[in-house]
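# sequence and predicted structure are below.
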Amino acid sequence: MNTRDTLVTELNVLGDFKPVVPESYQGAEFLMLGNLAPTVQLSVISQLTKRPKLIVLDTMNFWMDVALPELEEVISKIDVLLVNDSEARQLTAEFSLVKAAKKY
C-alpha cells in the first residue's frame with residue numbers, strides 16, 4: 001500500500017507554462033509550489049520580492065528522473081517538501097525514512 005506505479009506522465013498545456021506572479025501576490029506569507037517542472041517552481045520563487053514565511057514544495061519521481069539538478073536547487077530554497085515513501089527513498093538513496101527526512 002505504500003508504493004505506486006506511474007504509467008505515464010503527460011505535461012500537456014503545463015509543458016510550456018510560464019506563470020507570472022502578480023503584484024497583488026507579492027508579500028504573501030505562504031507559497032505552495034505545485035507539482036510542476038522545477039524550472040517553473042524556481043521561476044515563481046525568483047519573481048517574489050520578499051521571501052514568504054513558509055515555502056512548501058510538492059514534487060514526484062518524474063522530476064527526480066528528468067530534472068534532478070533543478071529539483072535539488074528548488075529544494076535548497078524551500079521549508080517543507082511533500083513526497084511519498086518511495087520518492088523520499090529515491091531522492092536520498094536511503095531506505096530508512098527517518099534518515100531520508102534528515103538529508104534535506
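The structure has been received and is ready for your questions. As the structure is a prediction and not an experimental result, all values here were calculated from the model. Numbering: from 1, shown residues only.
# helix, strand or coil: sort out I55 for me.
Following DSSP: H, G, I helix; E, B strand; the rest coil, the label given to I55 is strand.
# could I get the buried residue list for the longest helix along the chain?
If you go by DSSP state H, the chain has its longest helix at helix 38-47. For helix 38-47, burial by neighbour count (16 or more other Cβ atoms under 10 Å) applies to P38, V40, Q41, L42, S43, V44, I45. (C-beta placed from N, C-alpha, C; glycine too.)
# next one: stretch 23-34
L31, L33.
# which residues touch that stretch?
Residues outside stretch 23-34 that contact it (Cβ atoms under 8 Å, 6 or more residues apart in numbering): 41, 44-45, 48-50, 52-58, 74, 78.
# how about 7 Å then?
Contacts of stretch 23-34 with the rest of the structure, by Cβ atoms under 7 Å, 6 or more residues apart in numbering, involve Q41, V44, L48, T49, K50, P52, K53, L54, I55, V56, L57, D58.
# host element of K99?
Following DSSP states H and E, one finds K99 within helix 97-103.
# who are the packing partners of that helix?
In this structure, helix 97-103 makes packing contacts with helix 85-92, judged by 3 or more Cβ pairs under 7 Å, 6 or more residues apart in numbering; DSSP states H and E.
# helices or strands up against the helix it packs on?
Taking 3+ Cβ pairs under 7 Å, 6+ apart as the contact cut, helix 85-92 packs with helix 61-66, helix 97-103.
# what's the average pLDDT for that helix?
Mean per-residue pLDDT for helix 85-92: 93.
# pull out the buried positions in it.
Buried residues in helix 85-92 (16+ other Cβ under 10 Å): E87, A88, R89, Q90, L91, T92.
# repeat that for stretch 58-78.
Those would be T59, M60, N61, W63, M64, A67, E70, L71, V74, I75, I78, for stretch 58-78 by 16+ other Cβ under 10 Å.
# can you give me every residue that contacts the second one?
With contact set as Cβ under 7 Å, 6+ apart, M60 has these partners: N35, E87.
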